[in-house]
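K.L.:
sequence unknown, structure follows:
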């Protein structure tokens, strides 16, 4: 079910969609992600907001398929729907959807929807799958591409997608962000690949790739389009932790900055990937990687490690759930140096049998000004303590609290007397006032104020 509310939470409309490939069929339809964009024109039917929802649906053959539906944002009417059934008609699942606008001219633009997920291939293995459709009023055609190519012989491994994003344009007072001419419609997908031995999954590394629309070639991958330097043990898009055990990414965010007025490169595209890394048999920690997408291959700017609560073991001891980035602000209320900040929301096991929700901020500047590293061993380390860390609620209180999404904005007051950075995180919160009610949905607001 899709619901639309006004700013004061008045319900405008509700909409339902059900997959019915044959008469009498009524399977389970589960939404997973949605994206919204502004209209394509200035008036008429194309002026209605674009709303695209993706999720899973069950098919009469017994598998799960990827369902993508476009709704009219003004009235909730279904405009078109597409169902992707993978090559083996088994389990297919999306992880996200993004809408990408490419402005052909001041009066004309194209909006495309990209859905990333996992599809099952022959032999019970799996691959990333990326579906691309143009947001027009007619039903789009399927356009799946896979990573790695399932028709190319490969090691016995499976690839599971966990998150996706597109670069968000962040403006400074230097003007609009320049277009990425090499890849105007770029989409990032992260996930993990498992190494199989005798049919048993052993270790897992995370693997992040970038697709560019137009050529539909992968330009950030282990494939030979941009091979890693000979001295590197793993490609730049792969993270294999120091213990070479299990590493799983859970969140990704990308931003394109304009830093021309601050002496920085005119185009600076940063990508952050966060996940868990196993460092011993029972110890796991969170790892945050910042990539710099200005090179032919992805260079790692820095990495940061976040330790679990002392005495807490297990893969779910500390897990990053969501990320958000904005321009960097300074104590004098200015827009900052054109570098940017990234906020990370984590779910931390507190040692009392429950989870706490934690938010951390990191600067995107590189420690010591070290250039991006192509090899993992040379990546700069961020300090253990970031600019700030906030736990919600007070660490160690009873009940489970876990974030699921985060977003924010910077509001500069008239005359730049002060600058407010408001950060909003949503997730599940244990109701301390009424424990019998269990877990509620909660919205937490953080605010930085300068000076």
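P.N.:
Thanks, I have the structure now. The structure presented is a predicted model; accordingly, all values stated were derived computationally and were not measured. Numbers count the residues shown, from 1 in each chain.
K.L.:
shouldn't residue 70 be in contact with residue 50?
P.N.:
Yes - with contact defined as Cβ atoms under 8 Å, residue 70 reaches residue 50; the gap is 6.9 Å. For every residue, glycine as well, the C-beta is placed using N, CA and C.
K.L.:
Between the two, which contacts overlap?
P.N.:
Common neighbours of residue 70 and residue 50 (criterion: Cβ atoms under 8 Å, 6 or more residues apart in numbering): residue 135.
K.L.:
Make sure I have this right: residue 61 is in a helix.
P.N.:
No - counting by DSSP: H, G, I helix; E, B strand; the rest coil, residue 61 is not found in a helix; it is coil.
K.L.:
isn't it right next to residue 89, touching?
P.N.:
Yes - with contact defined as Cβ under 8 Å, residue 61 reaches residue 89; the gap is 5.1 Å.
K.L.:
where exactly do the strands run in the stretch 251-400 of the chain?
P.N.:
268-278, 284-292, 299-307, 318-326, 341-349, 355-363, 380-381, 388-392 (DSSP state E, counting those that start in this stretch).
K.L.:
Which residue or residues pair with residue 51 through a beta bridge?
P.N.:
With DSSP bridges applied, residue 51 shows beta-bridge pairing to residue 36, residue 71.
K.L.:
Was I right to think it contacts residue 72?
P.N.:
Yes - using Cβ under 8 Å, residue 51 is in contact with residue 72, at 7.5 Å.
K.L.:
Neighbour count for those two, which is higher?
P.N.:
When neighbours are counted by other Cβ atoms under 10 Å, residue 51 comes out ahead of the other of residue 51 and residue 72, with 22 against 17.
K.L.:
list the contacts for that one?
P.N.:
Contacts of residue 51 (Cβ under 8 Å, 6+ apart): 2, 34-36, 70-73.
K.L.:
Would you reformat those residues as TSV and include distance to residue 348?
P.N.:
Formatted as TSV, those follow (distance: Cβ to Cβ, whole Å):
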residue	distance to residue 348
2	33
34	28
35	29
36	31
70	38
71	36
72	41
73	37
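K.L.:
List buried residues within those.
P.N.:
Buried by 16 or more other Cβ atoms under 10 Å: 2, 34-35, 70-73, out of the contacts of residue 51.
K.L.:
now those as CSV including pLDDT?
P.N.:
Rendered in CSV, the data for the buried ones among the contacts of residue 51 read as follows (pLDDT from 0 to 100):
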residue, pLDDT
2, 89
34, 93
35, 92
70, 92
71, 92
72, 89
73, 88
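K.L.:
Quick check: of those residues, which lies closest to residue 364?
P.N.:
Lowest distance from residue 364 to the buried ones among the contacts of residue 51 (Cβ to Cβ) belongs to residue 35, with 24.6 Å.
K.L.:
correct me, but that closest one touches residue 52?
P.N.:
Yes - using Cβ under 8 Å, residue 35 makes contact with residue 52 at a distance of 5.2 Å.
K.L.:
Mutual contacts of these two, please.
P.N.:
Counting by Cβ under 8 Å, 6+ apart, the shared contacts of residue 35 and residue 52 are 97, 99, 113.
K.L.:
Look at the second one and give its secondary structure.
P.N.:
Residue 99 carries the three-state label strand when classified by three-state DSSP.
K.L.:
OK, contacts around it?
P.N.:
Applying Cβ under 8 Å, 6+ apart to residue 99 gives the contacts 35-37, 50, 52, 111-114, 135.
K.L.:
Going through those, which ones are buried?
P.N.:
Counted by 16+ other Cβ under 10 Å, the contacts of residue 99 give 35, 37, 50, 52, 111-114, 135 as buried.
K.L.:
Between all of those, which two are at the greatest distance?
P.N.:
50 and 114 (13.2 Å).
K.L.:
ok, residue 213 touching residue 134?
P.N.:
No - in this structure, residue 213 is not within contact of residue 134 by Cβ under 8 Å, at 10.5 Å.
K.L.:
the more surrounded of those two?
P.N.:
A side-by-side neighbour count of residue 213 and residue 134, using other Cβ under 10 Å, places residue 213 first with 17 against 12.
K.L.:
What about the closest residue in space to the more buried one that isn't next to it in sequence, how many residues nearby?
P.N.:
Leaving aside its sequence neighbours, residue 213 sits nearest to residue 185 (Cβ to Cβ, 6 or more residues apart in numbering; 3.6 Å). Residues near residue 185, counting by other Cβ under 10 Å, number 18.
K.L.:
any idea of the mean pLDDT for the helix or strand that contains residue 112?
P.N.:
Using DSSP states H and E, residue 112 maps to strand 109-120. The pLDDT scores in strand 109-120 average 86.
K.L.:
Adjust the sequence numbering to begin at 34 for everything that follows.
P.N.:
Right, with 34 as the first residue, what we last looked at is strand 142-153.
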